[in-house]
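Chemist: 3D, please:
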Amino acid sequence: MVDMDGVLVDWTAQFESDLARFYPEYKFDMLREFSTPTHLSQEHQDAINWVKTRIGFYKEMRPIPGAIDAVVEMAEQHDVWLCSSPEVLNASCESDKKTWVRLYMGDYWANRLILTKDKTMVRGDLLIDDRPDVGGIMEPEWEHILFSQPYNDHVKDKIRLDGWTDWRSVMIGAGE
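Modeler: Down below sits the predicted model:
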């Protein structure tokens with residue numbers, strides 16, 4: 001399984017672009033936390049949350065370079081599904097993600113998109129995800145491969161995928 005935000009699509013670039021466009025007064029160097037940073041002022045947190053819940057935010061993202069080609073190539077050898085968590089406070093998130101997949105990858109992949117807040121309920125061998133800790137109500141069957149992002153570089157105990165050019169060697173190392 002392959003996550004979307006921060007793995008297949010460049011969530012951070014879209015977020016930073018939107019924040020600069022709609023709230024140019026708020027700046028920070030780089031996202032260093034997976035969730036909204038709590039050390040910021042309430043007004044800054046509100047701006048961040050507004051961007052994340054903006055209608056259309058999720059369909060305007062660009063692919064991470066090499067991601068689509070790697071996933072398509074991976075699917076030639078493996079049963080690959082896309083598995084993403086929707087932002088529940090964003091009214092268009094689910095439809096935006098489906099639209100994005102259809103636009104960039106086609107109907108085949110749109111039919112292989114699983115949207116769930118609890119990825120532990122989805123069965124598979126591997127999950128490529130940027131979230132440092134993927135938890136839920138079940139013990140996952142899959143092994144978590146951490147797609148490297150600045151906000152997860154503190155995690156040292158997981159297999160990492162540092163970019164899509166390395167996916168083959170990482171999958172072999174994960175016990176493909």
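Chemist: for Met160, give the beta-bridge partners.
Modeler: For the record, residue 160 is Arg, not Met. With DSSP bridges as the criterion, Arg160 is bridged to Leu146.
Chemist: which residues touch it?
Modeler: 145-148, 170 (Cβ atoms under 8 Å, 6 or more residues apart in numbering). No exception for glycine: its C-beta is placed from N, CA and C like everyone else's.
Chemist: just how off-centre is stretch 75-84 within its chain?
Modeler: What separates the centre of stretch 75-84 from the centre of its chain is 15 Å, taken as Cα atoms, centre = their mean, to the nearest Å.
Chemist: neighbouring contacts of it?
Modeler: 1-5, 8, 71, 74, 97, 101, 109, 112-116, 119, 122, 124, 127, 171, 176.
Chemist: out of the helices and strands in this structure, which is least certain?
Modeler: When each helix and strand of the chain is scored by mean pLDDT, DSSP states H and E, helix 167-173 comes last, with a mean of 84.
Chemist: circling back: from the contacts of Arg160, which is closest to Val51?
Modeler: The closest of the contacts of Arg160 to Val51 turns out to be Phe147 (Cβ to Cβ; 21.7 Å).
Chemist: for Asn111, see how far away the closest one is.
Modeler: As judged by Cβ to Cβ, to the nearest Å, Phe147 and Asn111 stand 23 Å apart.
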